[in-house]
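S.K.: when you get a sec, could you give me coordinates for this:
(2 chains)
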Amino acid sequence: MTKLVPGLNPITLEVLWNRILAVVNEQQVALIRTAFSTVVRDSQDLACGVFDQRARMVAQSMTGTPGHINAMATGMKHFMKAFPPETLSAGDVLITNDPWQTAGQINDFTVVTPIFKLGRPIAYFATCCHAPDIGGRVFSAEAKEVYEEGLRIPIMKLFVAGVPNDVLINIIRSNVRTPDETIGDLYAQMSSNAVGGRSLLRLLEEFSLNDIEALSDAIIDRSERAMRLAIRSLTNGTYTHETWTDGFDDPILIKVTVTIRDEDIDIDFGGSSPQSRWGINVVLNYTHAYASFAMKAAICPDVPHNDGAFAPVHVSAPHGCILNCIDPAPVASRNIIGHFLPCVIFSALAPVLPGRLIANGADPLWMSVWRGKRLTGEPYIFTVFQCGGSGARSTKDGLNATGFPSGVAGVPAEVIESLTPIVLHRRELRTDSGGPGMQRGGLGQWTEFGSRSAADWQVSPLIDRTKFPASGTAGGGFGAAGEFILTDGRQAQPKSIVLLEPTTRVQLNLPGGGGYGSPHERPVEIVLADVVNGYVSLEAAVRHYGVVVRYLGAPSQLVRLPKDYAVDWAATEKLRAA
Amino acid sequence: MTHNNSGAAENAAESKFRVGVDIGGTFTDLFLLNDATHEFVVGKILTTPQDPSEAIEAGLREILAQANVPAQSIRQIIHGTTLVANALIERKGAPTALLATDGFRDATEIGREQRYELYDLMLEMPQPLVPRHLRFDIPERILSDGSIHQELDVAHVERLAHELQAAGFEAVAIAFLNSFINPQHECAARDAVARVAPTIRVSISSEVAPEIREYDRTSTTVANIYVQGRVEDYLRELGARMGALGVGGSLLLMLSSGGVATVETAVRFPVRLLESGPAAGVLAAAAFGAKVGAGMGQVDGLANLLSFDMGGTTAKFAIIDRGQPLISHDFEVDRRYRFRKGSGLPIKTPVIEMIEIGAGGGSIARVNSLGLLKVGPESAGAQPGPACYGHGGSLPTVTDADLILGYLNPDFFLGGGIALDVSGARRAVDEHIAQPLGLSIEQAAWGIHQIVNENMASAARVHAIERGKDPAGLPIFAFGGAGPVHAFRVAAALGAPSVVIPFGAGVMSAIGFLTAPLAFDFARSLPVKLEGSSLDWPRINGLLGEMQAEGRALLQASGVLPQDISHTCSVEVRYAGQGHEVGVVLPDDLLSADHLPAIRATFEAEYLRLYSRLGPPVPLEAITWRVVSSSPKPALSLVRSHLNQSIASHPDDARKGTRPAYFPEVGGMTETPVYDRYALAKGMCISGPAIIEERESTLIIGSGATAAVDELWNIILTHD
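M.R.: The predicted model follows:
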């Protein structure tokens, strides 16, 4: 069998690196297949990774969500400090949901399993998942302190040498609204780590290795070098950008200063709004996670992600600012701010990476937490994730109803309806919501929720871009702003708990992405096709694109084919010339 | 040609010839088998893409003449085709309209709302088969309990159907929300279309893929009707050609699941034919595996195997478990982004579980930004092809590396059909790999060979582990043009105990068709907690009985005798509240509370194997109950009488010569003996390093391994 020679040659390294990436993908597959909540198994609000003895992330699984992945990477250092190797035994499983130590939100459980070989921990498998409920107030931005947001668990042992810590498990069970799902998901996280550990041990045996330290050195060094090389290709300088976001009551300013110095990048958020009274604050871990994700996507997307990719990226934010909030600030809806960071950074970097970045998109994932009573009278609580349009690219339109930067998936209407009395009345692409441009921004969605139950119900919509739509790039226009509408005519505050009558319906209309380049440069035939397909209305084609399209069919016609439309070229040329 | 089932039953007793026909991208393979004598004839002719039935007719004439058998004595033709896959990948189906619940016409475009790759800012999502202007909102709504919230507006459907027909449309997919619970509105809408526009073909989602999740179900239904016209036209043409030839027997179609179906079923659900060719290869692996080692003291054969099919652009692996391929109900066609899950169109039909990766002879090697050597998934394809083809390709590929390493014979590639240019291969590897990495050309070529092997081994390993199998325990069954070249090293990387290289590796799928039983599978959704008192056992037993009766009826109608029919019942179980299940095979007798401990024990054992630890202490729930009804598997046995090839009496007589080939264990380039596979006799053994050549492939035997020929002319490689 192949023996690993010291001083890994590029071919052996490639072999082992591939192998370890396969191991974390197995870990993720096991997590999704054993999970209980739709948050994990359908929406995949999760991250998986493997860490070496020095708490460095060596590999992460293929998908997942950047906020979790990178925050978990920082969090591992805290785990190691709380439980040094000598305090661990085989069969131990560690847990925490402390926002400041891990993913910045009390719903996010990080579960860590040390893997033993020759009697010592030689690697750690970790997963981070959003729990369907963690007690406290129902998930919203209305808490004033983190204590209201749910049960906070310091870094502890969930299993001790293979035996469940029943005290802790019982405490969690009796503090949450969904005990079976919350605990079930923790078991899934443990299974997933165990599957990863099993495969890693096989790999070590096959290559006659006792640990992964030499391998992680090589992986991390190579990745760091590639990242540094990519930074070196950028022009040194300081680049800034700022953007306003909805906030809770008052708008929030996010300001970034990116400094490129040879092989290092400093990203500083000085000048951003101070921390909020409401639960939209971001811990530095999470700020770091999205800032470093943005840099990697911008300059080095094809290098596997690990500790090496973080090394040249230095992230800072003033203590007490919204992007480095102080314990016990409320943090439940931190993604509402954190998901803006990649596009804010891209905007700052636009001058040094022309044509390579994307316009602003819907950015924050929309999350709504629904609560009410089933037809049988039992209470339910259910989380729905939704995505608006992403920003246009220099050579391609933005993606319709597809998340960026989050990697979370939506939930099928039929799954929502099979588990709750909620009825979806609409889920449709939102005409004209994509920002006009030579490349069009991605479309958002129109969605409408109702309830079959005769009981009152409530929603907590953690949504953004209802006041500040996504701006375009290089002459591209704005995407449409998001909308939160109650059919009973009441005005309601996003990010708060809104009580609903049984007959009220809730419309969540998701924002579109910004456009790229001047809409007048979009080829007329493509604008025509957009009109035929209802991505762009006849009116918007004239208004934004300067293209006059005439519908030639009968008004009552249901089937409207491309041949039923014609471009008025004379009018179009006149408009576009103006 | 008759598709009449009772006719097939009558013929079954008398005639003994069966034919397997596989249409591939380049060649159409035929395999004629005499079930009485086990003699066979192989045919291989160029595929005729404009009308694939033309090549079949020509091929049939050829093998019938060769075997001197009249067309009338063919009992059965079993056929698989890539027609469905090609129509979907090349988007060459019928212009199709989609009728969806009002407000949900964009399900196939909104998809999962998730990027399948985190960091690539330029990625694109799969394009729906039906453009948005042909997706229509239909007023109607059924809720998750099957109750009707809003009645179907039949008049609206009729108006729409009328307009669609007037505009020349021939295909309509209907997919309404919650139709898998209550298909009433879908059926009514289908009937409305049929009334107004009888020439329009219609598929409804509650028949094509009656499963929860609107995106997957709609996508499958659309794909089904999108290709239906092409499949029907083709099968009609084929039937006509067979009729003209005077073929007497029945035509059956291979399904992705490895079962076979009548023409009628195939035309109704063409999307189930999607993976028929690859599925047949896996079936052949299972059938051959069962007999491997015949005459070598291994009476039981190999019931557990890893099937490994490596061709020009991709490699496919499948697991054979206790003689059966594993079945999945999740599949994606046309993955556009490095075979990445999420970049294709979801298809929810039973399919033999396979992992396919971009690793083949044409896979391109390059040095990436990290200074590491990468191979694939990009492929040089057939045009320009590998550098050594001399068709203008300048990038180094796996085939170029294999040629430099001496594994391929430049003068005997595809039996001498293509002359390979060694210096072109060396130039490409030198410029793009050896120089940037500071390696010799041989070292670079060896690196390419090793990395493509590792890529394949890694994919196979994840696939095996995801299914709870230990890859190190599975012998490899290698076929496809490049399979035997790479099998030895892939096996070493996986720790596989042995490698089997079948005789006739070039027509494996055509052989596989003849090993499939006639089978139908059924599923019913009945979620229940698996807890003592509350369980309605009579209802469950009734459900299983119903499905068995349906299966029995269909099989008997297809000519299977009642005593030959068997049923396998299973149920999908999970911890209450989970979203994914583990399949548990049920005992044959009537179920009762007494079976609960055994069901739980089987579930837990399987769960532990898959996920390393048990779930929380909560009850189990059963979700879907399944029955597979099948006829007995045809026995496969081959006698090589038609080969007319002189067989050597000693391995040395089968030796064609020697050439230098790369074996690092013995110091690099080594003068290596080359054998002619057709001259090797049963029972012969050859020690590595050695090369065995046949027309469609080359077998590389590393040092420390021995190759032995068994009764079925399989070559079995084992470590010394």
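
S.K.: how close does B:G392 sit to chain A?
M.R.: Distance, B:G392 to chain A, by Cβ to the nearest Cβ, to the nearest Å: 27 Å. (C-beta placed from N, C-alpha, C; glycine too.)

S.K.: then B:G24?
M.R.: Distance, B:G24 to chain A, by Cβ to the nearest Cβ: 30 Å.

S.K.: got a list of what that residue touches?
M.R.: For B:G24, the contact set (Cβ atoms under 8 Å, 6 or more residues apart in numbering or on different chains) comprises B:T47, B:T82, B:G277, B:S509.

S.K.: which pLDDT does the model give the closest residue to the first one other than its chain neighbours?
M.R.: Spatial nearest neighbour of B:T47, chain neighbours left out: B:T28 (4.9 Å); criterion: Cβ to Cβ, 6 or more residues apart in numbering or on different chains. On pLDDT, B:T28 comes in at 85.

S.K.: before we move on, the earlier item: what is the nearest of the contacts of B:G24 to A:T259?
M.R.: Distance to A:T259 across the contacts of B:G24 (Cβ to Cβ) is lowest for B:T82, with 55.1 Å.

S.K.: residue contacts, the closest one?
M.R.: Per Cβ under 8 Å, 6+ apart, neighbours of B:T82: B:I23, B:G24, B:G25, B:S276, B:G277.

S.K.: what's next to stretch A:198-218, contact-wise?
M.R.: Residues from elsewhere that reach stretch A:198-218, judged by Cβ under 8 Å, 6+ apart: A:1-4, A:6, A:8, A:13, A:16-17, A:19-20, A:22-23, A:26, A:50, A:52-54, A:56, A:58, A:115, A:117-118, A:122-123, A:125, B:461, B:465, B:472, B:495, B:612.

S.K.: switch to 7 Å and redo it
M.R.: A:1-4, A:8, A:13, A:16, A:19, A:23, A:26, A:50, A:52-53, A:56, A:58, A:115, A:117-118, A:122-123, B:465, B:495, B:612 (Cβ atoms under 7 Å, 6 or more residues apart in numbering or on different chains).

S.K.: what does stretch B:272-280 give?
M.R.: Under the criterion Cβ under 7 Å, 6+ apart, residues B:22, B:24, B:80-82, B:84-85, B:253-256, B:258, B:266, B:309, B:316, B:333, B:347, B:349, B:351-352, B:354, B:509, B:512-513 lie in contact with stretch B:272-280.

S.K.: how near is the residue of the stretch 101-250 of chain A found nearest chain B to B:L494?
M.R.: Residue of the stretch 101-250 of chain A nearest chain B, by Cβ to the nearest Cβ: A:A194 (3.6 Å). According to Cβ to Cβ, to the nearest Å, A:A194 and B:L494 sit 22 Å apart.

S.K.: neighbours around residue 520, how many?
M.R.: In the absence of a named chain, this looks at chain A. Residue neighbour count, defined by other Cβ atoms under 10 Å in any protein chain shown, stands at 20 for A:H520.

S.K.: meant chain B, my bad for not saying
M.R.: So B:F520, with other Cβ under 10 Å, has 23 neighbours.

S.K.: before we move on, what about B:R539?
M.R.: Other residues near B:R539 come to 11 when the count uses other Cβ under 10 Å.

S.K.: A strand includes it, no?
M.R.: No. Counting by DSSP: H, G, I helix; E, B strand; the rest coil, B:R539 falls outside a strand, being helix.

S.K.: not counting its neighbours along the chain, what's nearest it?
M.R.: Nearest residue to B:R539 in three dimensions, chain neighbours excluded: B:L526, at 7.4 Å (Cβ to Cβ, 6+ apart).

S.K.: and for B:L326?
M.R.: Per Cβ to Cβ, 6+ apart, closest to B:L326 is B:E353, 4.3 Å.

S.K.: wait, that neighbour touches B:S328, no?
M.R.: Yes. Counting by Cβ atoms under 7 Å, B:S328 is a contact partner of B:E353 at 4.1 Å.

S.K.: same drill for those two, tell me which one is more crowded.
M.R.: For B:E353 versus B:S328, the count of surrounding residues by other Cβ under 10 Å is larger for B:E353: 21 against 15.

S.K.: need the contact list for that one.
M.R.: Residues near B:E353 by Cβ under 7 Å, 6+ apart: B:A318, B:L326, B:I327, B:S328.

S.K.: look up how far chain A lies from it.
M.R.: Taking Cβ to the nearest Cβ, one finds B:E353 at 13 Å from chain A.

S.K.: and what of B:L46?
M.R.: 37 Å.

S.K.: thinking that residue is in contact with B:D29, fair?
M.R.: No. With contact defined as Cβ under 7 Å, B:L46 does not reach B:D29; the gap is 11.1 Å.

S.K.: more crowded one of these two?
M.R.: B:D29 (25 against 11).

S.K.: what's the separation between that one and B:G281?
M.R.: Remark: distance between B:D29 and B:G281 (Cβ to Cβ) = 11 Å.

S.K.: which neighbours do those two share?
M.R.: B:S509.

S.K.: circling back to that earlier point, as CSV, the contacts of B:G24 with secondary structure and pLDDT would be great.
M.R.: Putting these into CSV (DSSP: H, G, I helix; E, B strand; the rest coil; pLDDT from 0 to 100) gives the following:
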residue, secondary structure, pLDDT
B:T47, coil, 80
B:T82, coil, 82
B:G277, helix, 84
B:S509, helix, 82
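
S.K.: which regions of the stretch 101-250 of chain B sit below the pLDDT cut-off?
M.R.: Residue ranges of the stretch 101-250 of chain B with pLDDT under 70: none are present.

S.K.: which residues of the stretch 451-600 of chain B lie near chain A?
M.R.: B:451, B:454-455, B:458, B:461-462, B:465-466, B:495, B:575, B:577-580 (Cβ under 7 Å from any Cβ of the partner chain).

S.K.: circling back to that earlier point, quick check, nearest of the contacts of B:E353 to A:F310?
M.R.: B:S328 (37.2 Å).

S.K.: list the contacts of that closest one.
M.R.: B:S328 is in contact with B:V351, B:E353, counting by Cβ under 7 Å, 6+ apart.

S.K.: I'd say the residue of the stretch 101-250 of chain A closest to chain B and A:T113 touch.
M.R.: Yes. Counting by Cβ under 7 Å, A:T113 is a contact partner of A:A194 at 6.4 Å.

S.K.: looking at those two, which is more packed in?
M.R.: A:T113 (29 against 20).

S.K.: spatially nearest residue to that one, not counting backbone neighbours?
M.R.: Using Cβ to Cβ, 6+ apart and skipping the chain neighbours, the partner closest in space to A:T113 is A:N193 (3.6 Å).

S.K.: quick one: contacts for the one you found?
M.R.: Remark: with contacts taken as Cβ under 7 Å, 6+ apart, A:N193 is in contact with A:Q27, A:V111, A:T113, A:F125, A:T127.

S.K.: redo that, cut-off 8 Å
M.R.: Per Cβ under 8 Å, 6+ apart, neighbours of A:N193: A:Q27, A:V93, A:V111, A:V112, A:T113, A:F125, A:A126, A:T127.

S.K.: surely it forms part of a helix?
M.R.: Yes. Checked against three-state DSSP, A:N193 lies within a helix.

S.K.: pLDDT below threshold where in chain A?
M.R.: Scanning chain A for pLDDT under 70 picks out A:1-7.

S.K.: what about the helices in it?
M.R.: Under the criterion DSSP state H, helices of chain A are mapped to A:10-34, A:38-41, A:66-82, A:166-175, A:179-206, A:213-232, A:284-299, A:307-310, A:335-338, A:341-349, A:413-419, A:524-532, A:538-545, A:569-577.
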